[in-house]
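Participant: the following comprises the amino acid sequence and a computationally predicted model.
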Amino acid sequence: MSKLKFGIFLPFYAFPAKNSNETYNQIKKVVLEAERLGYDSVWLDDHLMYDDWSILEPWTVLSALSVLTSRIRLGTLVICNVHRNPALLAKAAATLDVISDGRLEFGIGAGCQTKEHTAYGFQFGDAKTRAQEMAEAIEIYKRL
């Protein structure tokens, strides 16, 4: 039987800061403490907006955290498939995995917020269409 692992999900709404710098500093503090305490992983979600809240882009935050940490795994819970071109996302994920010394946990989803997609000019198909698009993207990720 394998060792039980513990991770921390850090959703954007857990950090209701006054500005993005404060948000990043709070996330950094929690992640550094989680690594010090021996947690196995930290996970960030992927949204572009949420009402009037300032939300940081997770690939950039995870990249920054990867150079501040040495052991804890860094994950996405989950990256929205529609927000990024699959080939570009595969490249970004591979790059972060290299920078972090193989500590990336790659989680992907089909998207869930109509308003967010519309505001950024992304199509928001029905659940079946989004699932099919995600399946196609997963094939691209595997090949690249």
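Facilitator: Happy to help now that I have it.
Participant: for H83, give its distance to S63.
Facilitator: 17 Å (Cβ to Cβ, to the nearest Å). Every C-beta, even on glycine, is put in place using the N, C-alpha and C of the backbone.
Participant: which secondary structure element of the protein has the lowest mean pLDDT?
Facilitator: Lowest by mean pLDDT, DSSP states H and E among the helices and strands of the chain is helix 114-119, with a mean of 87.
Participant: got a list of contacts for that helix?
Facilitator: Residues from elsewhere that reach helix 114-119 (Cβ atoms under 8 Å, 6 or more residues apart in numbering): H47, L48, M49, Y50, V82, G111, Q123, F124.
Participant: repeat the analysis, applying 7 Å as the threshold.
Facilitator: Here helix 114-119 makes contact (Cβ atoms under 7 Å, 6 or more residues apart in numbering) with H47, L48, M49, V82, G111, F124.
Participant: any idea how far the fifth one lies from Y50?
Facilitator: Right, the one you point to is G111. Taking Cβ to Cβ, one finds G111 at 14 Å from Y50.
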